[in-house]
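Undergrad: Make a model of this:
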Amino acid sequence: MTRNNLNNSGSEKRTQIRIPVDDEICVRDTVSGAELGTLANIHDEGFMVISDGGLKEDHLYQVAFEINSGRAPIQLGAECLWISETGTGDQVWAGFQIMDLSEDARAQIEKLMAQYQN
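TA: Numbers count the residues shown, from 1 in each chain. Presented below is the predicted three-dimensional model:
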């Protein structure tokens, strides 16, 4: 079952401003080592990934954002809240809520968001 982002009245229920990510940032499952997908957007409480599949709703992941700029990966814990097929059907969008991150990781995420807000 997939969850949508509409409330009971059919209107958008998102409250955070999503910041699109213009570069390819790999999101990797640090437990299995598998690539989960590419970071599509991010905000203070979560992020969205575009993936070839294999993700599970209501599943907790330990992930790393692998940034190609030579910076250390940003590591955090997140729950996959929903999965939705893309228009082409060969990939999925997946929404994650950040569940656990260090102060250092939070600072790195704020820096990453600031980079794409400009």
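Undergrad: When you work out contacts or count neighbours from here on, use the C-alpha atoms and nothing else.
TA: Noted.
Undergrad: count of residues packed around residue 55?
TA: By other CA atoms under 10 Å, 17 other residues sit near residue 55.
Undergrad: Quickly find the element holding it.
TA: Assigned by DSSP states H and E, residue 55 falls within no helix or strand.
Undergrad: distance of it from residue 100?
TA: Distance from residue 55 to residue 100, counting by CA to CA, to the nearest Å: 19 Å.
Undergrad: do residue 35 as well
TA: As judged by CA to CA, residue 35 and residue 100 stand 20 Å apart.
Undergrad: Ok, residue 44 next?
TA: 12 Å.
Undergrad: which stretches of this structure form helices?
TA: 103-117 (DSSP state H).
Undergrad: remind me, longest strand of it?
TA: strand 74-85 (DSSP state E).
Undergrad: Show me what counts as buried in that one.
TA: Within strand 74-85, the residues scored as buried using 16 or more other CA atoms under 10 Å are 74, 75, 76, 77, 78, 79, 80, 81, 82, 83, 84, 85.
Undergrad: tally of neighbours for residue 16?
TA: 11.
Undergrad: how much space is there between the residue nearest to residue 90 when sequence neighbours are not counted and residue 33?
TA: Ranked by CA to CA, 6 or more residues apart in numbering and with sequence neighbours excluded, the top spatial neighbour of residue 90 is residue 52, at 6.7 Å. According to CA to CA, residue 52 and residue 33 sit 15 Å apart.
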